[in-house]
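Enquirer: give me the fold of what follows.
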Amino acid sequence: MTTETYRLLRDRRIRAIGCTAVLFGISILATGCEGSAEKSSLPAPVATDRGRLVNAERLRAYSADDIRTALAADEFDFSTVQFDVDAYRLTYDTVDPAGRPTTATGLLALPRNDQRDLVTVAYEHGTQPTRAAAASVAEDSGDRAATLAYAAAGFAGVAPDYLGLGLGPNPHPYLDLPSETTASVDMLRAARAQATNLGLRLRNAVDIVGFSQGGPAAMALAHALQDNADNDFQPAAIAAISGPFDLRNAELPALLDGTLDPGAGSFYAAYLLVSWNRLHGLYNSPSEVFRAPYDATVEQLFDGTHTFDDIVAGLAPDIDHLLTPHGIDMLRNPTGALDAAMTSSDSACGSWTPHLPVQLYTGSEDHDVSVDNSTDCQAALRSHGIDAPVIDVGPVDHNGSGIRGTAQALQWFTDLDAAN
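Expert: Modelled structure (predicted):
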């Protein structure tokens, strides 16, 4: 999330909404690697030059002190900062959820050191409803701060905005793994091109980190690259922080039964239903699933132009006041298109066998994303013979789990890099 949003949520839980997770996008791959037996789900190929670098805009140069100040302001650990960093906004060609050509943007952060060959950290951000708050646009974005932290430690930080955020056209397809994956693969390609333009080279090995929405996105990106979505990149490690890996059996039940923050439930449910209706046609009229007066305005709230304040002010304080009985029943007992979409969204952990180390991070006081999501992911991976530890970063809320998880993931990636 942006620093402004983070501070807003830190200082006051607006209308009891627990959306630090929602907007904190600190929310962050296989040549010669055997592909997994299960194939990742990507849109059908189209006649477009996916990953072509359309434009690279140098945003600014950050001194190491600048980065320490930015990280401290957002309560990140800044002890690993070593280098100055140059930040670029990349615009690149990719595809939309239907496989049609479109463009997207993302942030590339490069350390100023004597290394010409860089290990990349692909950073998959958390839920963000506002275009202008994306890391490649917002100077005070928490996502930008996290990406700078990786670069200041010596990695190439690559952070896709996803479709429909930053300067990308059309609404953001929220929690849509296939388009998150294509946007991320193509951002890596664009970053590789820009690095080459600057006389640098991105190594094949890519560490992948994701927070909240970015947790499943990180898993899906690694799956795609292990399946040779791009032969120049190989997944090296996955750090997934407090991700909603199991909507059907963990996240939605906890939101619906009041275990999690009721305001967070209102926000998540609204964003999910509006976005997935655009993708999958879940309802004919908003009044089928949203109560009045929200049915008249909720879709416009998630058009990418509204700020977090705007959206919160326009939502009910909990799911029971937001959704009709039919809307609640849809989430409790998904059928048809919603059932299929949920199956796809929940496939990030159980549909493949990673050939790389995986770590999962949670906060014990997280009231936005149920810890059961990560334990369910762990169980799914274990069924494929993968031992992925679930690391409790302490008695912190969702936002705190992202902050502490970022520090631990960075240290883990640094240790892995030193060992190789």
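Enquirer: so residue 83 touches residue 149, yeah?
Expert: No: assessed by Cβ atoms under 8 Å, residue 83 is found out of contact with residue 149, at 11.1 Å. C-betas here are computed from N, CA, C, even on glycine.
Enquirer: quick one: which of these two has more around it?
Expert: residue 149 (31 against 19; other Cβ atoms under 10 Å).
Enquirer: so what does the helix or strand hosting the more buried one touch, helix or strand wise?
Expert: Assessed by DSSP states H and E, residue 149 sits inside helix 142-152. Applying 3 or more Cβ pairs under 8 Å, 6 or more residues apart in numbering; DSSP states H and E, we find helix 142-152 packed against helix 3-11, helix 64-73, strand 84-95, strand 101-112, strand 117-124, strand 156-160, helix 398-419.
Enquirer: any idea which of these scores lowest on pLDDT?
Expert: Ranked by mean pLDDT, the helices and strands packed on helix 142-152 end with helix 3-11 at the bottom, a mean of 33.
Enquirer: give me the beta-bridge partners of the nearest residue to residue 359 once chain neighbours are set aside?
Expert: Closest residue to residue 359 apart from its sequence neighbours, by Cβ to Cβ, 6 or more residues apart in numbering: residue 239 at 5.3 Å. Note on residue 239: beta-bridge partners residue 209, residue 359, judged by DSSP bridges.
Enquirer: next, the angle from the helix or strand where residue 184 lies to strand 117-124.
Expert: Assessed by DSSP H and E, residue 184 sits inside helix 177-197. Put simply, helix 177-197 runs at 150 degrees to strand 117-124, going by axes from the mean of the first three to the mean of the last three Cα atoms, to 10 degrees.
Enquirer: what's the angle from helix 177-197 to strand 84-95?
Expert: Using the same axes, to 10 degrees: helix 177-197 against strand 84-95 is 130 degrees.
Enquirer: what comes up buried for helix 177-197?
Expert: 177-195 (16 or more other Cβ atoms under 10 Å).
Enquirer: please apply the same query to stretch 286-302.
Expert: 286, 289, 290, 291, 294, 295, 298, 299, 301, 302.
Enquirer: report the distance from it to the chain centre.
Expert: Chain-centre distance of stretch 286-302: 26 Å, with Cα atoms, centre = their mean, to the nearest Å.
Enquirer: which residues touch it?
Expert: 129, 171, 174, 270-271, 273-275, 282-283, 285, 306, 310-311, 314-316, 321-324, 326-327, 330 (Cβ atoms under 8 Å, 6 or more residues apart in numbering).
Enquirer: burial measure for residue 256, as a count.
Expert: Count around residue 256 with other Cβ under 10 Å applied: 17.
Enquirer: my guess is it contacts residue 265. True?
Expert: Yes: between residue 256 and residue 265 a contact is recorded at 7.2 Å, counting by Cβ under 8 Å.
Enquirer: find the residues that touch each one of these two.
Expert: Common neighbours of residue 256 and residue 265 (Cβ under 8 Å, 6+ apart) are residue 319.
Enquirer: and residue 51, how far from residue 187?
Expert: Computed with Cβ to Cβ, to the nearest Å, the distance linking residue 51 and residue 187 is 8 Å.
Enquirer: pull up the overlap in contacts between these two.
Expert: With Cβ under 8 Å, 6+ apart, residue 51 and residue 187 have common neighbours 92, 94.
Enquirer: helix, strand, or coil at the residue of the chain positioned farthest from its centre?
Expert: The outermost residue of the chain relative to its centre, with distances by Cα atoms, centre = their mean, is residue 292 at 31.3 Å. The three-state assignment at residue 292 reads coil, by DSSP: H, G, I helix; E, B strand; the rest coil.
Enquirer: that one and residue 172, how far apart?
Expert: Noted for residue 292: a distance of 26 Å to residue 172, by Cβ to Cβ.
Enquirer: which helix or strand in the protein has the lowest average pLDDT?
Expert: Here the helix or strand of the chain ranked lowest by mean pLDDT, DSSP states H and E is helix 3-11, holding a mean of 33.
Enquirer: give the contact list for the residue nearest to residue 200 when sequence neighbours are not counted.
Expert: Distances taken as Cβ to Cβ, 6+ apart place residue 116 nearest to residue 200, at 5.7 Å, with adjacent residues excluded. Contacts for residue 116 (Cβ under 8 Å, 6+ apart) come out as 199, 200, 201.
Enquirer: residue 259 too?
Expert: 253, 370.
Enquirer: wait, residue 64 touches residue 78, no?
Expert: No: judged on Cβ under 8 Å, residue 64 makes no contact with residue 78 at a distance of 9.2 Å.
Enquirer: compare the two (neighbour count), which wins?
Expert: Neighbour count, other Cβ under 10 Å: between residue 64 and residue 78, residue 78 has more, with 21 against 16.
Enquirer: okay, the residue nearest to the spatial centre of the chain and residue 348: tell me how far apart.
Expert: Nearest to the mean C-alpha position of the chain, by Cα atoms, centre = their mean, lies residue 214 at 2.3 Å. For residue 214, the distance to residue 348 equals 11 Å [Cβ to Cβ].
Enquirer: one more: residue 138?
Expert: Counting by Cβ to Cβ, the gap from residue 138 to residue 348 is 27 Å.
Enquirer: same check, this time on residue 315
Expert: 27 Å.
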